[in-house]
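Enquirer: A structural model of the following input is requested.
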Amino acid sequence: MSDTAMHQADSSAEAGAGNTAGGSGPGESAQAASAARPLEGVTVLDMSRVLAGPWCGQLLGDLGARVIKIEHPGRGDDTRGWGPPWHQGEPIDGDAVERQAAYYLCANRAKQSLAVDIASADGQRLIKALAKGADIVLENFKVGGLARYGLDAASLREINPALVVCSITGFGQTGPYAHRAGYDFMIQAMGGLMSLTGDADGMPMKTGVAITDVMTGLYATVGVLAALHRRRETGEGSHVDLALLDVQVATLANQALNTLVSGVAPQRFGNAHPNIVPYQAFACRDGHLVLTVGNDAQFARLAELLGHPEWAEGDYATNEGRVAHRQDLVALIQGILSGGERDHWLAECEARGIPAGPIHTLPEVFADPQVRHRGMAREIDGVPQVANPLRFDGASATADFAPPRLGEHSDRVLTEMGLSASDIERLRREGIIR
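Expert: So this is what the prediction gives:
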């Protein structure tokens, strides 16, 4: 890239920070839709891959930020290849489009894809030019991985002192494990979650969703928004250091305090709760339901429903007593529920204000009338998506543009940076961009 083109890229990237795409959803007023995009004007460089970082980037994009996803021009985000299942989009101008892995589609809505080789000098200059005009950088390279390219937090913040850089790693920027790679499954094991999950006499189990990655994405969002708020007062950016292991330990919640208070490792309770009874799954004649009885008044109503109002007295009157006599009480409840049909019990619980619900498969989840009413499953440009659960003044915070194809926006982003068509063609010819 010529010095002139690089100067143009620097100036245009800074001046163009905050450009965003999007629009109001069906039936939403322009005012409500605007309220659902509070980060409009914020520019994010998402240099992360897989799930934790991209989850944060998608959320920021849903909230109105312009998110430029930086990907390798050859392979892109790792999750582009994590199929089946695959989604095959409709042909564009008669030409077939690349199939998209469902895993990739879950975390990359509301982004523009710039495919650039950051191992090349030209690629590094492009990233630095973008960082000069950006507000946030997300990255999940190993500790020190970006330093060899001059794209680490310290280097980028020399270029732009107001920049907020969020580094997501398995174990953090410091400590004896800092050099290790970290993956959700491994962190669930090391961070104690698996020791709490599964039947008492079975193997420890991971969760059915990469929940540590998802929670890390949420914490990353909280961290960068807090850093942006602080920047309003100080003018200075921040380096947010976020570790999967730290997040996993932090989200052990009541089980962590059970351990710290008692000094005893909690046992696995399967589908039961360590601190509340009855709060678990029960078998009915034709299926399963979950009871989540959270207080003594609810239990009294359950005891009456099951034909034993006396249970609300004596040993079972309080949650402490019910926990102490868990085994006996659960057996009594199970013996009654197994004689009736699931939907009968659910209807009776609903009528009496006793919290209970069915155990749904995922197709049943998306067919549920409440889930349908809230519009949680939707299509964006023919691509299936799960909506952002946030709503602002009645408007969904879900962005209305689909996960991008690899390098879909390379020309657009680079042109906005001031590169000429010939500059872009040369970079593509040399394999630096796609």
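Enquirer: which stretches of the stretch 251-400 of the chain form strands?
Expert: Along the stretch 251-400 of the chain, counting by DSSP state E, counting those that start in this stretch, strands occupy 279-284, 287-292, 356-358, 377-380, 383-386, 391-392, 395-396.
Enquirer: Tabulate the ones you listed (a markdown table), appending mean pLDDT, mean neighbour count and distance to residue 342.
Expert: All C-beta atoms are positioned from the backbone trio N, CA, C, and that covers glycine. Formatted as a markdown table, those follow (pLDDT from 0 to 100; neighbours: other Cβ atoms under 10 Å; distance: least, Cβ to Cβ, whole Å):
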| stretch | mean pLDDT | mean neighbour count | distance to residue 342 |
| --- | --- | --- | --- |
| strand 279-284 | 97 | 17 | 4 |
| strand 287-292 | 96 | 16 | 4 |
| strand 356-358 | 97 | 16 | 6 |
| strand 377-380 | 96 | 14 | 24 |
| strand 383-386 | 97 | 16 | 26 |
| strand 391-392 | 95 | 16 | 31 |
| strand 395-396 | 94 | 23 | 32 |
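Enquirer: Of those strands, which is nearest residue 344?
Expert: strand 279-284 (8.2 Å; Cβ to Cβ).
Enquirer: surely residue 275 meets residue 254?
Expert: Yes: counting by Cβ atoms under 8 Å, residue 254 is a contact partner of residue 275 at 6.2 Å.
Enquirer: Identify the contacts common to the two.
Expert: Overlap of the contact sets of residue 275 and residue 254 (by Cβ atoms under 8 Å, 6 or more residues apart in numbering) is empty.
Enquirer: Select, out of the strands of the stretch 251-400 of the chain, the one closest to residue 333.
Expert: Closest approach to residue 333 among those (Cβ to Cβ): strand 279-284, 6.5 Å.
Enquirer: the inter-axis angle of the closest one versus strand 287-292?
Expert: Strand 279-284 and strand 287-292 are oriented at 150 degrees to each other (axes from the mean of the first three to the mean of the last three Cα atoms, to 10 degrees).
Enquirer: elements contacting strand 279-284?
Expert: Under the contact definition 3 or more Cβ pairs under 8 Å, 6 or more residues apart in numbering; DSSP states H and E, strand 279-284 sits against strand 287-292, helix 326-337.
Enquirer: That one pairs with which strands, and in what direction?
Expert: Strand 279-284 has the following strand partners under DSSP bridges: strand 287-292 (antiparallel).
Enquirer: export the partner strand as CSV, just CAs?
Expert: Below are the C-alpha coordinates for strand 287-292, written out as CSV (Å, rounded to 0.1, in the frame of the first residue of the first chain):
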residue,chain,number,x,y,z
GLY,A,287,-43.7,-37.4,30.5
HIS,A,288,-41.8,-35.1,32.9
LEU,A,289,-42.4,-31.8,34.6
VAL,A,290,-40.3,-29.5,36.7
LEU,A,291,-41.5,-28.1,40.0
THR,A,292,-39.8,-24.9,41.3
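Enquirer: all helices of the stretch 51-200 of the chain, in order?
Expert: 52-62, 102-105, 121-132, 153-159, 184-190, 193-196 (DSSP state H, counting those that start in this stretch).
Enquirer: next one: the stretch 201-350 of the chain
Expert: Here the stretch 201-350 of the chain has its helices, by DSSP H, counting those that start in this stretch, at 211-234, 244-250, 253-262, 296-305, 319-324, 326-337, 342-352.
Enquirer: Using a markdown table, please lay out the ones you listed together with mean neighbour count and distance to residue 72.
Expert: Listed next are the helices of the stretch 201-350 of the chain as a markdown table, based on neighbours: other Cβ atoms under 10 Å; distance: least, Cβ to Cβ, whole Å:
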| stretch | mean neighbour count | distance to residue 72 |
| --- | --- | --- |
| helix 211-234 | 18 | 20 |
| helix 244-250 | 20 | 22 |
| helix 253-262 | 12 | 37 |
| helix 296-305 | 18 | 54 |
| helix 319-324 | 16 | 53 |
| helix 326-337 | 15 | 53 |
| helix 342-352 | 15 | 49 |
